[in-house]
Every structure is written in structure tokens, then in C-alpha cells.
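*Asks:* need a structure here:
(2 chains)
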Amino acid sequence: MNKILLIGLKDLRLAFRDRAALLLMLAAPFLLTLGLGLVTGRFSGTSNTIQSIPLIVVNQDGEDLGNALVDVFQSANLDELLDPTLESYAAAARAAVDADQTAAAVIIPAGFSASVFAQMDAPVVQVEVYSNPARPTSSGVVKAIVESFLNQVETGRVSGIVSVTQLIQNGYIQPNQAAQVAAEIGRRAGQNGAGQDLIRLQGQVDENVSPPFDVLAYMAPGMALMFLMFAVTNGGRMIQVEQLQGTLPRLLVAPVHIAQVFAGKALGIFFTGLAQMLILIGGTGLLFQIRWGGWLPVLALVMAAVFGAAGWGLLLTMVTRGPGQTSGIGTALMLVFGILGGSFTNPGGFPPWLRTLGRITPNAWALDGFLELGLGGGFADIWLPILALIAMGLILFAITVGLFIRRGGFSR
Amino acid sequence: MTPILEVKQLVKKYGDLTAVNGISFNIEQGEIFSLLGPNGAGKTTTISVLSTLFAPTSGDVTIAGHSVTAEPMQVRRVIGVVPQEIALYDDLTARENLAFWGQMYGLSGKGLSDRVEQVLKEIDLTDRAKDRVRTFSGGMKRRVNIGVGLLHRPKLLFMDEPTVGIDPQSRRAILDSVKMLNRQGMTVLYTTHYMEEAQELSDRVGIVDHGELIAIGTQEELTRQIGEKDALILDLVECEAIAALTEAARKIPGVQQVDLSECTLTVLAAQAEDVLAPVIAQANALNVKIRSVSIQEPNLEAVFLHLTGRALRD
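*Replies:* Coordinates of the predicted model:
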């Protein structure tokens, strides 16, 4: 057992000292994951967070409601969302919007407050939101805030008029007091509006609800699994390279049983694939903030996936006639398995027979597992992929051993 | 004395090709025994069977009392193998290579690390121990290749053409190290197609050709077999008239055998001085220009030539 382990660890060390192999084992899946993340907009999650929207407020009203609206824009609650600037002139504010210096200009015309407190049938002076078409989202947010404010003011205005009418009809106030009482109700409504959160920014955590699925939690394992096939077929190729370079025959004249050499080489392929997957999972988890799932089920799934894939790598070594052929077929196998197994695209759109065929690949089973784990699943959700991958590895390993015995060892 | 190696009627076939055809020989403990023969003579195949890499088609080989077919693991523990190819891991350092192979031979712990350092010193690579083998010259790689074979202090060391493709300085160092190992008590089976190496190193030599052992013995015994003839070697400027000169030389009294190879004519005679003048005269008569003339006293090259009718380098 000790010699098997030593041979496996030696092969692991050699694999990670091969710069060309490292490029394909680690750099390529990292870069492809990064590229797919960029294409799908996964990385724009942070930049799309709307923060510090620049806007210019022109308060020509200068009365209670105009000031209340300015207070809304400058409230602590909207501090992170908005970056308001006060301006005296509407034309300058519009020019700034036209020059794309700000997302919107909010112009509160003179007489706005007075118009609100005027008679019910009197026209209300309109607040103008001058939007920057180049910043539709940001200006939309500003509009929404203004509309929310105006809705509250309008609600207060209508309720004030109704209240005043009721007060007059019931004789609590005289008609000549109506304007004064209405103004007071409107003022209080405006002040109340300013004190409320017009737009609430908050997150919500509900343990009973699964986290939203992260597209990279599908793509990253897809890429990792595809290049896992490179690692295992390259491991198989290295057995043939060792045969040609003479280190394998040298091992076979050392006091090491041929079965130990075979098992050691297989273990080396397994170690290399496992190290590759763990580095990719750790790396993408840290760099891309991918939620892979609980570490224990992820580890179990990775080990099963590597075991299944290693079976293919070993089998390839037995059926090809040299490192060049193994390299070529290995690359083809990597791509075909990547497509069939869903590393590039969800195989849900494939015809049923192709989906069934895809089940011969470790990619398909492992991706099923990673999908479950990415959606918050645990061991209970991935037992089938794990069993399938272990069975795949065992069957392929058995075939490989059979071929190995039949051809009388490593040498041809 | 019990031989450490006994080879009896060894045959190794690859399909229809017979690479080794019924060779038999023994090697005594403490001996340097060379298998001398041209490329393709079956030397490497013989070593491969003796070292348990390939099973023999027939025949038997016993090393230190263990059969290579029945007890291969016991055989592997007492032999060391220095293969013809440099069988090392290029991306491991010299020390890592030695440590790995030492572990494969069952060394571990302090015993392993001490032995690795000792071998590094013996092959004069202590200062490059941390460098990857990939960065070494051919000669340095050869030295590590030999070092691996010595790690576990084998009773019998197989060295398969260890000086192929290296510079004269490294070659000299390897030959000296073989002699040193032998002085320390190690038995060595050395294969080569360089007659000079076999002459310098060997207590006994086996000459192989076409998979057969055609002669065996000490150098003295072998040269005696060919009647202690001298070799007169003429290196010609032009090859056109060599056939005519060969025919003419064969008719000169005292000439026992004439061999030609490209532009070189080798004339065997009991006393080379006796035939030198007539051969030169014939060359002049045929207008053959001679680049150089040399006389060699009986050696393994002449033995091989006598036995096979071909020069060793063919």
C-alpha cells in the first residue's frame, strides 16, 4: 500500500510540475468560467447595484411641500441611493442632464405648495422630473420617489378637503376658516410624508426559502468537469510516456508488484483529478463567490466524479497505441463528454436519446449533483449521482484491469 | 565458488523474431562480466530477461539462487539495473529522483536520506541535488541514472550500455566508477558495443552476435582463439579500388584474413610487420591512396572480426 501511495503522490507532483498540463487543468477552466460569467452578466451583480444616483433638485417653491420633497431626497434613508445637489436655476439643471452629468433634474416650481393647498378644483402646479434617457434606471428611481411623494401629498390633499368639508358641514369651523385649516392639514400631510420611507432598501433572509440559483454554480462545475476529463486522460497518457521514457520498465524491475504499479498509476490519476477539482472549486468559490454547497457533500460528489472520470482515463490508456493517440482521443473525449454531459449547455433541450447517451459521461451525473447542491441540496439529493459515478468508475476500472491482464501488463 | 548468475539455454522470441537464441553463461561473485556485441545483437533483451522485465521464452536464469521466473521479487531485491535509456523523472530534482527510487527499493526514513546523500556524493552531484533533472547535461543525467541503480547496494548490477551518447569526460568518470564499485565487492554485468570499454573493465567477456553467445572467456583466452594475429589497418582516401586491393592482399604470403569496411581495410597476419611492405606496394601498384596505416595487436575487435567476418561497429 505504501508503494502504491508513493507512486500516486509522485505522479501528482509530476502533474503539477507540468506547466502545459497546468494551463489546461487549471487556467483554462478558470478563464472559461470567467468568460461565461461575463457573457451571462453574472459578474454585473455588483455593478448593477444602484448606488449614489446623481440628481439635481431645483426648489423654486421654497414652501412647506417643496422643502418637504427636498428633505425626502436628502433623508438618511436614501443617503446611499441618491446623491442630490441643490440648484437654483431650472435651465442649468436641465443642461446638466443633457450633458449626462446627472441622472435627472427635479424641478419644483414656484407655487407648488400653494397649489396643493388651494381649492379642490384649482389646478395643481406640476413637479417636473427632467430625465436623462442615457440613465433610464437611475432616472426611473428618481421618478418613482417623486411620484411616491406626490401620491402621499395628493392623498393628504384630498383627505384634507374632505375633512374641511365635513368640518364645515357639521359646524365645527366656519367657511372662512376653511383655507387655514386645509393648509394646516396639507402641511402635516407633507411633513408626515417626509418622515416616512418612500423607498425601502432592505434584504430579506428566509431560511425556509432556497437561495436563488447562481448560473455560475452550473457553469463552473461544467468547465471543471470538462477539464477533469483532460486531467484524467493526460494521466493515462503519462503512463504511456513513462513506458517510452523507460521509467515504467525501471519500476517493473524494482521490487514492486505489477499490480502495485498499476494501482499506483491509477491513484496518481485520481489524486491529480481530485486536486484539480478542489483547486477549481476553492478558487472559483473565492474569486467568483460561487455557492457550491456544503463542503462535505461537495467533497463526496467530487471524489465520486473523479473516480468515474479516472476510469475513463485508465481505459483510454489500454485501448490506444501511444501518447500521441491518447492525447488526440483524450481531447476529443473531453469535448464530446463536455457537450453530451452538459458542460456547455443544459442538455434539457437535447432529444431524449441524446440525453440518455449523455449518461455515459461523468459530466452529466456530476452536474446533476452540483445543480442540486447549488440549489441548496444536501446528501439526500445527490446520492444517485454519487452512486452512478462510483458504479461507472468500478465498471471502467474492471474493464481496464481485464484488458491489462489480457495484454500481459504495460508493455506491448 | 557459486556463481551469482547462471544463465542456461536462454531463449527470447518476439513472434517470429528470435532476439536471444540459447545463450548460456555464468558470472562469479565479484566479477565484471561484459557482453560485447554490435547494436541489435541481443544484449539489451538479455538484460531485460535477467532483470525480470521480460519472461524468457525458454531456458532458465538463476540469480543469487533465485529463479527469475519463479521468484522475480527476490531477484529484484538483489539486482540493480542501469538501463540504456536515461530512465529518470525530468521534473523531479536529482534528490527527489533518488529518494523515490530508494523508496521503491524499500528504503525509508533516515536510512533513505543518508543513502541518497551518499549516492549524490558518489556521483558528484551534491551541489546540483535541488535542481530538476531536466536542467542537467547528458553526462549528469547518466550519473543520476547510475546512482539510482546503486541506491540499495545490489549484489549484482546490470549496466546496459551506460556510456552511449555522452562526452569523453563523463565516459571516463563512468568507467572509473564501475571499477570502484567492483573494488567495493559489487558484481557487474556490463553490456557495450565499445571494444575498448570491454577490454578495460572486464574480467571476462562474452561476445554476442545475432542473439547468440559466440565466444566467452578472458581477453587473453579470446585472443588466443584467433591465433594471436595482428591487425594491419589501412584507411583509404578513395574507396573505388578497395575490392581490387582486398583481392591482391589476400594473395600476399602471411596474410591470413582480409576484411573491408567502407574505406577501411583490415589485414590479419601473425606478424603485421611482415605483410606491411607488400600491402603498401600493392596499394601503390593499384594507385590506391592511403590516408593512414596502423597496426593493432590482437584485441576483442579482431576476435569479433575473426568470429563473424564483420567489424564490431557494423
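*Asks:* and A:Leu14, that one's in a helix?
*Replies:* Yes. Secondary structure of A:Leu14, determined by DSSP: H, G, I helix; E, B strand; the rest coil: located in a helix.
*Asks:* okay but it is in contact with A:Met238, surely?
*Replies:* Yes. Distance between A:Leu14 and A:Met238: 7.2 Å, which falls inside the contact criterion (C-beta atoms under 8 Å). For the C-beta atoms, the positions are set from N, CA and C on the backbone; glycine is no exception.
*Asks:* Which one's more surrounded, the two?
*Replies:* For A:Leu14 against A:Met238, the residue with the higher neighbour count under other C-beta atoms under 10 Å in any protein chain shown is A:Met238, and the figures read 26 against 22.
*Asks:* was I right about that one contacting A:Asp11?
*Replies:* Yes. Taking C-beta under 8 Å as the contact criterion, A:Met238 and A:Asp11 are neighbours in contact, 6.9 Å apart.
*Asks:* overlap in contacts of those two?
*Replies:* Among the neighbours of A:Met238, those also in contact with A:Asp11 (C-beta atoms under 8 Å, 6 or more residues apart in numbering or on different chains) are A:Gly268.
*Asks:* and B:Val82, backbone torsions?
*Replies:* Recorded main-chain torsions at B:Val82 are phi -110, psi 100, according to degrees, to the nearest 10.
*Asks:* how about it, what does it touch?
*Replies:* B:Asn145, B:Ile146, B:Val148, B:Gly149, B:Leu157, B:Phe158, B:Met159, B:Asp160, B:Pro162.
*Asks:* near chain A, which of these show up?
*Replies:* Near chain A, judged by C-beta under 8 Å from any C-beta of the partner chain, the entries from those are B:Val148.
*Asks:* my guess is B:His152 is in a strand, correct?
*Replies:* No. With the criterion set as three-state DSSP, the secondary structure at B:His152 is coil rather than a strand.
*Asks:* Tell me how far it lies from chain A.
*Replies:* Using C-beta to the nearest C-beta, to the nearest Å, B:His152 is found at 9 Å from chain A.
*Asks:* Would you mind writing the CA trace of stretch A:392-409 as CSV?
*Replies:* The C-alpha atoms that make up stretch A:392-409 are tabulated as CSV, following Å, rounded to 0.1, in the frame of the first residue of the first chain:
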residue,chain,number,x,y,z
MET,A,392,-19.2,4.0,-13.6
GLY,A,393,-15.6,4.0,-12.1
LEU,A,394,-15.9,0.4,-10.9
ILE,A,395,-17.1,-0.9,-14.3
LEU,A,396,-14.5,1.0,-16.2
PHE,A,397,-11.8,0.0,-13.8
ALA,A,398,-12.8,-3.6,-14.1
ILE,A,399,-12.7,-3.5,-17.9
THR,A,400,-9.3,-1.8,-17.8
VAL,A,401,-7.9,-4.4,-15.4
GLY,A,402,-9.3,-7.1,-17.7
LEU,A,403,-7.5,-5.6,-20.7
PHE,A,404,-4.4,-5.1,-18.7
ILE,A,405,-4.2,-8.7,-17.8
ARG,A,406,-5.2,-9.8,-21.3
ARG,A,407,-2.3,-8.0,-22.9
GLY,A,408,0.1,-9.1,-20.2
GLY,A,409,0.9,-5.8,-18.5
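*Asks:* In it, which residues are buried?
*Replies:* Neighbour counts over stretch A:392-409 (16 or more other C-beta atoms under 10 Å in any protein chain shown) mark A:Met392, A:Gly393, A:Leu396, A:Phe397, A:Thr400, A:Val401, A:Phe404 as buried.
*Asks:* ok, residues contacting it?
*Replies:* Under the criterion C-beta under 8 Å, 6+ apart, external residues in contact with stretch A:392-409 comprise A:252, A:258, A:262, A:266, A:304, A:307-312, A:314-315, A:317-319, A:360, A:362, A:365, A:410.
*Asks:* ok, and which of the residues you listed reach chain B?
*Replies:* Counting by C-beta under 8 Å from any C-beta, A:Leu252 from the contacts of stretch A:392-409 sit close to chain B.
*Asks:* and the contacts of stretch A:392-409, which are buried?
*Replies:* For those, a burial check counting by 16+ other C-beta under 10 Å picks out A:252, A:262, A:266, A:304, A:307-312, A:314-315, A:317-318, A:362, A:365, A:410.
*Asks:* Just those: which are in strands?
*Replies:* Of these, none are assigned to strands by DSSP state E.
*Asks:* Please flag which of these sit within helices.
*Replies:* When helices are assigned by DSSP state H, the members of these inside them are A:252, A:262, A:266, A:304, A:307-312, A:314-315, A:317-318, A:362, A:365.
*Asks:* Can you pull the residues of the stretch 151-300 of chain A lying near chain B?
*Replies:* Within reach of chain B by C-beta under 8 Å from any C-beta, the stretch 151-300 of chain A has these residues: A:Gln245, A:Gly246, A:Thr247, A:Pro249, A:Arg250, A:Leu251, A:Leu252, A:Val253, A:Ala254, A:Pro255, A:Val256, A:His257.
*Asks:* can you list the residues you listed in JSON lines and add secondary structure, pLDDT and distance to B:Gly59?
*Replies:* Compiled in JSON lines, these are given as follows (DSSP: H, G, I helix; E, B strand; the rest coil; pLDDT from 0 to 100; distance: C-beta to C-beta, whole Å):
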{"residue": "A:Gln245", "secondary structure": "helix", "pLDDT": "89", "distance to B:Gly59": "30"}
{"residue": "A:Gly246", "secondary structure": "coil", "pLDDT": "90", "distance to B:Gly59": "25"}
{"residue": "A:Thr247", "secondary structure": "helix", "pLDDT": "92", "distance to B:Gly59": "28"}
{"residue": "A:Pro249", "secondary structure": "helix", "pLDDT": "90", "distance to B:Gly59": "21"}
{"residue": "A:Arg250", "secondary structure": "helix", "pLDDT": "92", "distance to B:Gly59": "24"}
{"residue": "A:Leu251", "secondary structure": "helix", "pLDDT": "92", "distance to B:Gly59": "25"}
{"residue": "A:Leu252", "secondary structure": "helix", "pLDDT": "90", "distance to B:Gly59": "20"}
{"residue": "A:Val253", "secondary structure": "coil", "pLDDT": "91", "distance to B:Gly59": "19"}
{"residue": "A:Ala254", "secondary structure": "coil", "pLDDT": "93", "distance to B:Gly59": "24"}
{"residue": "A:Pro255", "secondary structure": "coil", "pLDDT": "93", "distance to B:Gly59": "23"}
{"residue": "A:Val256", "secondary structure": "coil", "pLDDT": "91", "distance to B:Gly59": "25"}
{"residue": "A:His257", "secondary structure": "coil", "pLDDT": "90", "distance to B:Gly59": "24"}
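*Asks:* Just the closest residue of chain A to chain B, please.
*Replies:* Closest contact between chain A and chain B, by C-beta to the nearest C-beta, is at A:Gly246 (3.4 Å).
*Asks:* How about the contacts made by that residue?
*Replies:* If you count contacts by C-beta under 8 Å, 6+ apart, A:Gly246 has them with B:Pro83, B:Glu85, B:Ile86, B:Ala87.
*Asks:* can you pull the pLDDT of A:Ile290?
*Replies:* Model confidence at A:Ile290, given as pLDDT, is 79.
*Asks:* Same question for it, what's its three-state structure.
*Replies:* Secondary structure state of A:Ile290, per three-state DSSP, is coil.
*Asks:* So it is in contact with A:Leu280, correct?
*Replies:* No. Between A:Ile290 and A:Leu280 there is no contact under C-beta under 8 Å: 10.1 Å.
*Asks:* Among the residues of the stretch 151-300 of chain A next to chain B, name the buried ones.
*Replies:* Here, 16+ other C-beta under 10 Å leaves A:Gln245, A:Gly246, A:Thr247, A:Pro249, A:Arg250, A:Leu251, A:Leu252, A:Val253, A:Ala254, A:Pro255, A:Val256 buried among these.
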